[in-house]
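**Student:** predicted model and sequence follow; I will ask about them next.
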Amino acid sequence: MSEPSYLTAVRESYDTVAADYFRIVKRPAEFDPLSRGMLAAFAEEVRAGRGGPVADVGCGPGLVTAYMAGLGLPMIGMDLSPEMIRLARDTHPGLPFTVGSMTASGFGSGTLDGILAWYSTHHTPPEWLPTVFAEFRRTLAPGGHLLLGGYVGDESVHPAQAYGHPVSYGSHFQPLDRIAELLDRAGLVVTARLEQRPEPPVKRPYVCVLARRPESS
């Protein structure tokens, strides 16, 4: 079975921009206080449960993966782009990284105590989000936690360039209520929602959503 065309576009685009993305993107220490607070809350929730492992899906060059490892979580980073994974391995040789897709991650059923999807699901077309969220639920152990962070809205955009290079991916922004509804349909219980107003140069609101796979499911 051939992979969805959007995955090919995302892989090829991020292989192209990887080096400049790594140079330009914010480091976790530069995140706003509320975002860092949600990351810390997620880490505390996971540590209070079984304690790991935790997958950072769409990890890019592994900057947030390493940050969360510093908060005491046993992390593994996964990204669709082999070039991003090469950068992650070179930069953080003590952490495991693997190439994979959110639609078919390769993680075993119920093997993860946490999933972090940090500004990584917006390249997923709306019709594929139920598949992605079902994969999150499948791989989470009962009682496992999900933290999803990203921009919200009600539009899809297809930039011609990003990070100084031509790209072919799309960015698909969903309202917060829609994200929460899809997580609920996938069998994940939303436990906290944080929405922040954009501050220039950011133009879109951004959110953090904490969810949990019920113990009994």
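**Tutor:** Now that the structure is in, tell me what you want to look at.
**Student:** going by C-alpha atoms from here, please, whenever you check contacts or count neighbours.
**Tutor:** OK.
**Student:** assign the closest residue to Gly52 other than its chain neighbours to helix, strand or coil.
**Tutor:** The shortest distance from Gly52 to any non-neighbouring residue, by C-alpha to C-alpha, 6 or more residues apart in numbering, is to Asp113 (4.8 Å). Assigned with DSSP: H, G, I helix; E, B strand; the rest coil, Asp113 falls in the strand class.
**Student:** then the one 10 residues further on?
**Tutor:** His123 carries the three-state label coil when classified by three-state DSSP.
**Student:** same question for Gly143.
**Tutor:** Gly143 ends up strand, using three-state DSSP.
**Student:** that one: how many residues sit nearby?
**Tutor:** Applying other C-alpha atoms under 10 Å, we find 20 residues neighbouring Gly143.
**Student:** center of this protein, which residue is that?
**Tutor:** Ala117 (1.9 Å; C-alpha atoms, centre = their mean).
**Student:** was I right about that residue contacting Asp56?
**Tutor:** Yes: if you go by C-alpha atoms under 8 Å, Ala117 and Asp56 touch, sitting 6.1 Å apart.
**Student:** could you pull up the residues touching the residue nearest to Gly52?
**Tutor:** Val46, Gly49, Arg50, Gly51, Gly52, Pro53, Val54, Leu140, Ala141, Gly143, Gly144, His145 (C-alpha atoms under 8 Å, 6 or more residues apart in numbering).
**Student:** the last one contacts Gly114, correct?
**Tutor:** If I follow you right, that is His145. Yes: using C-alpha under 8 Å, His145 is in contact with Gly114, at 4.7 Å.
**Student:** tell me which of those two has more neighbours.
**Tutor:** Gly114 (34 against 29).
**Student:** so what's that one bridging to?
**Tutor:** Val54, His145 (DSSP bridges).
**Student:** just checking, it touches Arg47?
**Tutor:** No: using C-alpha under 8 Å, Gly114 is not in contact with Arg47, being 9.6 Å away.
**Student:** show me where pLDDT drops low in this structure?
**Tutor:** Low-confidence segments of the chain (pLDDT under 70): 1, 217.
**Student:** all strands of it, in order?
**Tutor:** For the chain, applying DSSP state E gives strands covering 54-57, 75-79, 97-99, 112-118, 140-151, 155-157, 161-162, 165-166, 171-173, 189-196, 206-212.
**Student:** rebuild those as CSV, extending it with distance to Leu7.
**Tutor:** Shown next, in CSV, are the strands of the chain (distance: least, C-alpha to C-alpha, whole Å):
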stretch, distance to Leu7
strand 54-57, 14
strand 75-79, 11
strand 97-99, 12
strand 112-118, 16
strand 140-151, 18
strand 155-157, 16
strand 161-162, 17
strand 165-166, 16
strand 171-173, 12
strand 189-196, 27
strand 206-212, 23
